[in-house]
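Trainee: Return a 3D structure for these sequence lines:
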Amino acid sequence: MSNTKNFIYSHSEAVFTKGPFSSDIIIESFDILDDEISNLYTINLLIHSASINENLEDFLSKFVSFKVNFAYDKVPVRFFSGIITEIKLNAFKNQETPSQFIIVIRPYLWLLTLSNGFRVWNKINSEEVISNVLNLYKKKFDDFKFSFKIFMRDSLIKRINTVQYGDSDFDFICRLMHEDHLNFLIIQNEQGSELIITDNIEDYFNKNKDYEEKIITQIIDGNQNLLSENLSNLHSTGYEHKISLKHNKVAVMHCDFKNIKSDYGKSIKYGETSTNKVFSKWTLLTHHQKSIDPLDPIQAFAIKEMARKNSIHNRLILQCSQPNLLIGKKISLEYNTDSNNSKKIFINYLNKKEFRIMSIQHNYLKKNYTAIKKKEINLNNQETPYRATITVIPIEDKFIKDFNPDKKNIPLATTAFVYGQQNEDTKIESPMMIPVSFFWQPKEKDSETNCSPFIMARLSQVWASQNSGAFFIPSPGDEVLIIFEDDIDSPIIVGSLYNSLNKCPFLIDENDAKKRKMRGFVAGNEENLVLHSKDFTSSFDFSEKELLLNIKENSKLNIDEKSFAINIKENSKLDLTDEGKVTLNSKNTDFDIQERLKINTDSTNVTGQKSIQLNSMRIKK
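Mentor: Reported below is the predicted structural model:
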């Protein structure tokens with residue numbers, strides 16, 4: 001329909017086409033709320049019927065579809081559909097008055113608000129994660145359809161981790177769409193409904209033939225107010241225009257631990273559109289930090305983020321009665337008035353400019369109309385069965401939904417276990433990340449959702465510096481303490497915990513005075529460094545097959561105790577090698593050698609200030 005000046009009215013009706021209700025049940029009225037991009041619509045149907053005898057609960061979650069014949073010339077039938085989520089029955093004492101049912105219908109996607117989950121995915125992008133979640137519902141509901149329309153596939157980065165931590169399935173996928181600047185749209189047609197997820201909603205509309213035809217609507221002024229005081233008044237025609245201040249610069253804060261640079265602490269600003277007005281909106285680019293490959297905050301991100309901040313900054317809210325309204329369609333306005341010039345000048349710049357429909361509030365009330373052929377209709381005086389309040393934006397503006405994801409589910413700290421059965425299972429990934437499992441994760445990969453049994457966590461150390469620091473890797477099964485960097489997908493191991501399975505190797509015995517005073521130790525899998533409190537022993541226990549201790553420069557080993565012992569096990573070997581000089585100064589020195597002492601030297605000098613005594617059963621020259 002290219003023009004709305006000539007409407008042809010006849011009988012208008014809305015009837016069921018699919019679902020548990022028969023086509024002879026009369027739909028008296030309906031309204032559709034929140035029919036807009038990236039939102040869940042709600043359809044409220046009012047029907048009168050005395051023939052519904054089934055249990056009302058049997059209707060819940062059933063798919064239903066209905067069509068509306070608006071009876072306009074050259075206007076196609078519109079289809080609406082969804083699943084029944086609520087039913088309200090109004091029964092009257094007057095037996096001649098049929099029962100009144102109010103049926104609430106919502107899209108399949110609404111079901112995701114009822115379920116939540118604890119899941120982890122590794123090394124896939126948001127499209128793959130969202131598909132895994134939606135497939136759970138597709139398997140249960142044959143009429144549930146979804147598809148992705150991605151125009152810049154490189155913008156969907158593969159993530160190290162993607163964690164759903166108790167969020168509803170709907171909130172979870174909305175968080176992913178928010179991070180990757182995605183929108184969703186629910187298409188309704190004769191076949192049912194389909195969920196479309198895209199990274200460029202404008203390109204989707206421009207490349208789809210269903211949105212090629214432009215709508216022309218009129219704002220007719222007959223000395224009445226342009227805008228009714230109550231936009232919900234079904235018999236008013238007018239418009240409301242809202243313009244708000246735009247952000248023209250986005251400042252991005254970004255620090256990727258996989259690629260630290262010397263200027264990582266500085267702000268990186270992109271998206272500047274004006275040098276005269278600067279209104280910066282700081283954005284923390286958290287999800288790029290969890291990409292598999294290091295990424296810099298590219299300008300495309302800031303441009304999209306700025307488009308989101310400025311979405312619907314310039315919008316018109318219109319009232320009209322055209323039935324061919326569709327989210328995403330182009331629309332232009334024609335203004336006719338007999339009033340003063342000031343009003344005409346005020347909206348003159350809107351005349352014949354192109355806009356795009358972003359939101360529709362539908363309302364239909366069944367009435368019988370007499371055919372009026374080839375007669376121009378004044379919309380303000382003629383009652384129509386269908387009215388709508390629509391929101392439009394200029395055709396050149398972009399729209400990206402701000403889902404405003406809630407971070408309330410991110411815990412302050414939690415515990416997990418190092419994944420695997422033995423040390424070889426603990427794969428260390430640069431920079432220092434190891435797999436850990438939360439208690440709610442499956443032991444093996446879930447074939448239904450492709451969920452991972454582990455999550456990669458950064459491993460903190462006591463100290464970590466260039467060419468120096470500490471190094472410790474917990475073993476499989478060890479309980480570790482996890483915190484999050486304001487991002488549920490970015491866990492950090494900050495410590496390890498003993499428990500009933502992994503017990504302290506130095507048990508604190510209340511009956512052992514020494515152990516009760518012990519204040520600390522460090523123990524590895526095969527070697528120990530034990531630190532006791534004052535007046536107790538300290539020991540270094542090394543059980544490796546080979547040990548090399550290098551002492552450089554002027555190093556000294558000072559022993560201030562009364563005794564010092566070096567014990568070498570039987571059949572072991574001790575080598576003392578020096579290319580310079582070895583000096584042994586002692587008041588009393590004893591060499592107790594059970595079998596043989598052999599000394600090889602170029603010259604030997606033995607001096608005894610008082611005496612030299614050699615005792616032997618045999619002296620051999």
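
Trainee: Now the helix or strand where Ile83 lies - C-alpha only, CSV.
Mentor: For Ile83, the host element (DSSP states H and E) is strand 78-90. The C-alpha trace of strand 78-90 is given here as CSV (Å, rounded to 0.1, in the frame of the first residue of the first chain):
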residue,chain,number,x,y,z
ARG,A,78,-1.7,-10.1,9.0
PHE,A,79,-0.8,-13.1,11.1
PHE,A,80,0.1,-13.1,14.8
SER,A,81,1.2,-16.1,16.8
GLY,A,82,2.9,-17.4,20.0
ILE,A,83,2.3,-19.7,22.9
ILE,A,84,-0.4,-19.4,25.5
THR,A,85,1.0,-18.3,28.8
GLU,A,86,-2.0,-17.1,30.8
ILE,A,87,-5.8,-17.5,30.6
LYS,A,88,-8.4,-15.6,32.5
LEU,A,89,-12.1,-16.5,32.5
ASN,A,90,-14.9,-14.1,33.3
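
Trainee: what's it packed up against?
Mentor: Strand 78-90 sits against strand 63-69, strand 100-106, strand 183-189, strand 192-198, with contacts defined as 3 or more CB pairs under 8 Å, 6 or more residues apart in numbering; DSSP states H and E. The way it works is simple: take the backbone N, C-alpha and C, and place the C-beta from them, glycine included.

Trainee: How about residues contacting the last one?
Mentor: Going back to what we said before, that points to strand 192-198. 18, 63, 65, 81-82, 107-109, 127, 130, 134, 143-151, 177, 182-187, 204 (CB atoms under 8 Å, 6 or more residues apart in numbering).

Trainee: which of the residues you listed count as buried?
Mentor: Among the contacts of strand 192-198, those classed as buried by 16 or more other CB atoms under 10 Å are 18, 63, 65, 81-82, 107-109, 127, 130, 134, 143-146, 148-150, 177, 182-187, 204.

Trainee: related to what we said a few turns ago, want to throw the helices and strands packed on strand 78-90 into JSON lines with mean pLDDT and distance to Lys88?
Mentor: JSON lines is the format used below for those (pLDDT from 0 to 100; distance: least, CB to CB, whole Å):
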{"stretch": "strand 63-69", "mean pLDDT": "89", "distance to Lys88": "15"}
{"stretch": "strand 100-106", "mean pLDDT": "91", "distance to Lys88": "4"}
{"stretch": "strand 183-189", "mean pLDDT": "94", "distance to Lys88": "23"}
{"stretch": "strand 192-198", "mean pLDDT": "95", "distance to Lys88": "23"}
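
Trainee: among those, which is nearest Val250?
Mentor: Checking the helices and strands packed on strand 78-90 against Val250 by CB to CB gives strand 183-189 as the closest, at 18.6 Å.

Trainee: can you state the direction angle for that closest one and strand 192-198?
Mentor: Between the axis of strand 183-189 and that of strand 192-198 there is an angle of 160 degrees, by axes from the mean of the first three to the mean of the last three CA atoms, to 10 degrees.

Trainee: tell me the angle strand 183-189 makes with strand 78-90.
Mentor: Strand 183-189 runs at 90 degrees relative to strand 78-90, counting by the same axes, to 10 degrees.

Trainee: Tell me how far the nearest residue to Ser99 once chain neighbours are set aside lies from Ile103.
Mentor: Residue nearest to Ser99 in three dimensions, not counting chain neighbours: Ala91, with 5.2 Å by CB to CB, 6 or more residues apart in numbering. For Ala91, the distance to Ile103 (CB to CB, to the nearest Å) stands at 15 Å.
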